[in-house]
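**Student:** Structure, please.
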Amino acid sequence: MLEIALIELIKTICATASKSLHILSYIASVPVPRMDAEVLVLKDVTIPDGRVTDITIQQGIVRHVGSSRPADHEISCSNLIVIPAAVDLHVHMRGGSHQGEKEDWNTGTKSALAGGVTVVVDQPNTIPPLTNVQSYNNRHCEAENHSWCNFAINAGVTEKSDISGLWNAGAMIFGETFAGPSSYGEALSPASLTKALQDISACGGMASIHAEMVSDGTDTNLLTHHTLRSPQGEAAAIRMVTACNTSKCQLYFCHVSSGAAMDAVRDAFIEVTPHHLFLSLQYPDASDTRFRVNPPVRPEQERKNLWNRWNRIDTIASDHAPHTKKEKNLDFIEAPSGIPGLETMIPLLMAEVQAKRISLLDLIEKTSITPSSLLGLPPAGYAPGNRADFALYPHTCSAIDPDMLQSKAGWTPYEGMNAIFPNMVIMNGEIVYNNGTFYRGHPHWIPGRGYIPAAQNG
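**Tutor:** Model prediction:
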């Protein structure tokens, strides 16, 4: 009887492992076995320290760095910039039956790949919000069926959220948790926020915070939008959240948009977006709704304040929040806040590298290495054992053209700005994008550290 029971146990373990192998491989830093064992070699790669070498890739992992080994496929990189693909910790993929006309997992993740991003983290202020296990699982299934890149999904935080259930279901991060109201997100009271952070801390999770204070008044243009959601209010909201964090939960402040707000952060991670780094009130017409976003686009001096604190920025993420042209063409008071920025994020930063205003190492650190670490992912990179996720860029800039972008939005506030888009993107060791053509790879769901597979969860 003992032998029979042992055999049945082994069968159950194997069945569970078979379904979850791609998940467990990320957590344990073990390569994902695939049917193909083809060897891909990136020839003559110039890595950031100046060395020129070959990178041998097999089964989604960098196997060797140095003189190349026999390969099934070789890619000459002598005239290309090869960097680890980006991880975008803050995207709103929209989709579902209520928001599919804005964006969906198909178009949104193609936009990611075309911009050199192979991992996206979806935010939970969807319709319906991801505040219980059922809504979370539904979102997971939608992504599994349609995503072209690797993905994780955050959990929503409200007074009624099932924190422990969502953690066990695979939630990556909790939030964005709203300490100020925004599109599809209501602000938590200080008491509710304190309790939520206690519950998240008890699980061992991280809370992603949207910190704003909104003054009374009417949003009639970009200047009043900035005034009502001021830098001082943003800094005050960060201090309030810090005071509420009596449990010492790990905090991650989203889209920090001002020098005062950045200076207010203590013992937490800081995320900054491309729109706060590249856009300011100096450029658009005050009524241009394309630039309406929360927190707002700031005066030019605030944009410079962020660049002056470049070394304090932990991650750069897009806060990709697409809306249709029809919605953005409404009067300012009615137009929704949000900017599509997933596909243009790394290309804009690559242009800054080309202009020698930032270093390639800093770009890699803020868009790939640190985000990977926060997700519990082994890094993509140039060393044996690293994930084989790379983006291959030319050395020449081009002007951003909204008609060339993959997002359903069909518009961008960065139109005409200099950028360097990737020629090719490799994900999990496979070419998934090549000069405008997409190839279906093997995208994975990346669960949070608390994930308990259903078979183990009763």
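**Student:** Can you pull the poorly scored residue ranges out of this protein?
**Tutor:** Counting by pLDDT under 70, the chain shows low-confidence ranges at 1-36, 180-185, 455-458.
**Student:** what's the domain layout of it?
**Tutor:** The chain breaks down by automatic domain parsing into domains covering 1-30, 84-382+395-418.
**Student:** And these: which comes nearest residue 60?
**Tutor:** domain 1-30 (8.4 Å; Cβ to Cβ). For glycine as for every other residue, the C-beta is placed from the backbone atoms N, C-alpha and C.
**Student:** picking that back up, out of the domains of the chain, which comes closest to residue 50?
**Tutor:** Taking the domains of the chain one by one with Cβ to Cβ, domain 84-382+395-418 is closest: 11.0 Å.
**Student:** Quote the end-to-end distance of that closest one.
**Tutor:** Using Cα to Cα, to the nearest Å, the end-to-end distance of domain 84-382+395-418 comes to 21 Å.
**Student:** swap in stretch 208-224?
**Tutor:** 27 Å.
**Student:** now it, how far from the chain's geometric center?
**Tutor:** Centroid separation between stretch 208-224 and its chain, computed with Cα atoms, centre = their mean, to the nearest Å, is 24 Å.
**Student:** Repeat that for stretch 66-85.
**Tutor:** Using Cα atoms, centre = their mean, the offset of stretch 66-85 from its chain centre is 26 Å.
**Student:** Going by neighbour count, which residues of it are buried?
**Tutor:** Across stretch 66-85, burial judged by 16 or more other Cβ atoms under 10 Å covers 68, 71, 75, 77, 80-85.
**Student:** now, among these, which is nearest to residue 215?
**Tutor:** Nearest to residue 215, judged by Cβ to Cβ, of these is residue 85 at 40.4 Å.
**Student:** And the helices in the stretch 51-200 of the chain, which stretches?
**Tutor:** 96-99, 105-114, 133-146, 163-169, 190-203 (DSSP state H, counting those that start in this stretch).
**Student:** Any chance of TSV for these, columns mean neighbour count?
**Tutor:** Listed next are these as TSV, based on neighbours: other Cβ atoms under 10 Å:
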stretch	mean neighbour count
helix 96-99	13
helix 105-114	26
helix 133-146	17
helix 163-169	21
helix 190-203	19
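**Student:** Of all the ones you listed, which one is nearest residue 453?
**Tutor:** helix 163-169 (9.6 Å).
**Student:** for the closest one, packing partners?
**Tutor:** helix 133-146, helix 190-203 (3 or more Cβ pairs under 8 Å, 6 or more residues apart in numbering; DSSP states H and E).
**Student:** So what touches the first one?
**Tutor:** I take that to be helix 133-146. When contacts are defined by Cβ atoms under 8 Å, 6 or more residues apart in numbering, helix 133-146 is touched by residues 93, 95-96, 104-106, 109, 122, 124, 126, 128-130, 151, 153, 155, 162, 165-166, 168-171, 445.
**Student:** Give me whichever of the domains of the chain is most buried.
**Tutor:** Of all these, domain 84-382+395-418 has the most neighbours on average by mean count of other Cβ atoms under 10 Å, namely a mean of 21.
**Student:** does residue 391 really touch residue 425, like I thought?
**Tutor:** Yes: assessed by Cβ atoms under 8 Å, residue 391 is found in contact with residue 425 at 5.0 Å.
**Student:** Any chance you could list residues touching both of the two?
**Tutor:** 85, 116, 118.
**Student:** now, which of those sits nearest residue 316?
**Tutor:** residue 116 (12.5 Å).
**Student:** Name the nearest residue to residue 276, ignoring sequence neighbours.
**Tutor:** Closest residue to residue 276 apart from its sequence neighbours, by Cβ to Cβ, 6 or more residues apart in numbering: residue 257 at 4.5 Å.
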